[in-house]
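Colleague: Quick one: sequence and predicted model below, then my questions.
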Amino acid sequence: MVDFVAPLTGNPLFRKGNFLLSEKNESFPVIESIPRFVEPDNYANAFGLQWKSFAKIQLDSYNGSNISKERLLRCLGAPLETLKDKNVLEVGCGAGRFTEHLVNSGAHVHSVDLSIAVEVNAANMGDAPHYRIAQADVYKLPFPPESFDTVFCIGVIQHTPSPEKTIEHLWKMVKPGGQLVIDHYTFDWMYLLKPVLFYRFFLKRMKPEKSKAMVEKIVKFFFPIHWKYRNNKLMTMLVNRLSPCYVYIKTFPQMDYDFHFHLSRLDTYDGLTDYYKHLRSKSQIEKILSSFHPRSFEVWKGGNGVEARCRKK
């Protein structure tokens with residue numbers, strides 16, 4: 001496992017009581033057994049509430065699907081067993097939809113998140129071996145540079161202040177010969193055709209608790225209509241023009257009503273309240289990765305937009 005260091009100075013840390021300390025008098029609290037390297041109040045507060053509220057819905061082990069595992073495998077481009085005994089960094093771990101598969105692969109998993117989702121992740125992973133977690137900022141990661149064989153950041157980069165800066169900081173964590181695995185939102189005309197922008201303008205400015213209550217009412221009203229007319233193309237088009245709900249009925253047709261209803265609650269809250277929502281094209285991601293002069297990289301359209309993996313020389 002990779003030991004924690006002070007994010008800004010790189011000084012080694014040691015545990016003393018409920019703190020991680022350095023010999024230079026740097027101090028970081030350990031709360032509920034989780035090191036905290038950020039202030040509790042930050043732009044990811046809504047995400048923290050999101051994962052506290054929807055702690056398990058996206059976990060394959062809970063919903064009985066392979067949705068998260070298949071996405072992880074597609075991005076990795078190799079069997080999970082290839083991660084066994086490797087040092088892996090997962091940035092933006094959320095509740096653990098990918099963490100559980102990384103842990104089960106036998107990798108040495110180091111998961112971080114900016115929000116209090118780390119508490120949910122830790123509860124979901126339990127006493128998993130070769131796993132540690134911390135609340136930390138991608139721009140101030142508490143690890144030495146070039147420490148990880150694989151760095152994952154899936155479903156996250158578009159929600160950070162600067163995607164370019166975020167990818168650069170992730171790349172710094174990859175050891176020589178290691179790889180970076182990422183994805184990013186890209187432009188979708190449906191985003192303009194649905195009333196998402198209107199709702200998001202107001203909801204993202206509310207306190208998380210208030211915006212969540214509003215989203216619950218929206219989904220409770222619209223989702224049954226989505227479900228009722230799921231096999232009617234004309235009605236589906238009409239409902240999609242009126243409803244801001246994120247629905248995946250056609251994407252995961254094997255899943256039942258309850259799964260889709262709760263997933264819509266989660267993703268609609270996610271999509272209407274995220275503080276940052278950047279869009280980058282395939283060519284823009286290629287440009288960022290090529291600037292690192294890597295040994296190789298691949299970028300393709302898939303998932304939520306663009307997916308990529310990049311290997312360091």
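Modeller: That came through, no problem. Predicted model only: the values in this text are computed from it and were never measured.
Colleague: use CA for all of it now, contacts and neighbours both
Modeller: Will do.
Colleague: Got the domain ranges for this structure?
Modeller: Annotated domains of the chain cover 33-186+282-311, 189-273 [automatic domain parsing].
Colleague: Check these for me and report the most buried one.
Modeller: domain 33-186+282-311 (a mean of 19; mean count of other Cα atoms under 10 Å).
Colleague: That one spans what distance, first to last residue?
Modeller: 33 Å (Cα to Cα, to the nearest Å).
Colleague: circling back to that earlier point, I'd like the domains of the chain as a markdown table, with distance to A6 appended.
Modeller: Below are the domains of the chain laid out as a markdown table (distance: least, Cα to Cα, whole Å):
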| stretch | distance to A6 |
| --- | --- |
| domain 33-186+282-311 | 6 |
| domain 189-273 | 30 |
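Colleague: Please name whichever of these is nearest to L13.
Modeller: Using Cα to Cα as the measure, domain 33-186+282-311 is the one of these that comes nearest L13, at 9.7 Å.
Colleague: and the domains of the chain as JSON lines, adding mean pLDDT?
Modeller: Formatted as JSON lines, the domains of the chain follow (pLDDT from 0 to 100):
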{"stretch": "domain 33-186+282-311", "mean pLDDT": "96"}
{"stretch": "domain 189-273", "mean pLDDT": "92"}
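Colleague: Show the contacting residues for P35.
Modeller: By Cα atoms under 8 Å, 6 or more residues apart in numbering, the residues touching P35 are 19-20, 28-29, 133-135.
Colleague: same thing but at 6 Å, please
Modeller: Residues in contact with P35 (Cα atoms under 6 Å, 6 or more residues apart in numbering) are 29, 134.
Colleague: cool, G271 as well?
Modeller: By Cα under 6 Å, 6+ apart, G271 has no neighbours at all.
Colleague: cool, and the one 10 residues further on?
Modeller: Neighbouring residues of S281 by Cα under 6 Å, 6+ apart: T186.
Colleague: Okay, the closest residue in space to T273 that isn't next to it in sequence and S264: tell me how far apart.
Modeller: Counting by Cα to Cα, 6 or more residues apart in numbering, T273 lies nearest to K204, which is 4.2 Å off, once chain neighbours are set aside. Remark: distance between K204 and S264 (Cα to Cα) = 17 Å.
Colleague: same check, this time on C310
Modeller: 32 Å.
Colleague: same deal with A44?
Modeller: 20 Å.
Colleague: Show me the strands in the chain, by range?
Modeller: 14-16, 19-21, 27-31, 34-35, 87-91, 108-113, 131-135, 148-153, 174-185, 296-302, 305-311 (DSSP state E).
Colleague: With respect to S53, which of those strands lies nearest?
Modeller: Short answer: strand 108-113, nearest of the strands of the chain by Cα to Cα, at 16.1 Å.
Colleague: what angle do that closest one and strand 131-135 make?
Modeller: 20 degrees (axes from the mean of the first three to the mean of the last three Cα atoms, to 10 degrees).
Colleague: same for strand 108-113, what does it pack against?
Modeller: With contacts taken as 3 or more Cα pairs under 6 Å, 6 or more residues apart in numbering; DSSP states H and E, strand 108-113 sits against strand 87-91, strand 131-135.
Colleague: what residues does that strand touch?
Modeller: 1, 85-93, 130-136.
Colleague: what about stretch 58-65, how long is it end to end?
Modeller: Span of stretch 58-65 from end to end, Cα to Cα: 9 Å.
Colleague: Off-centre distance for that stretch?
Modeller: 16 Å (Cα atoms, centre = their mean, to the nearest Å).
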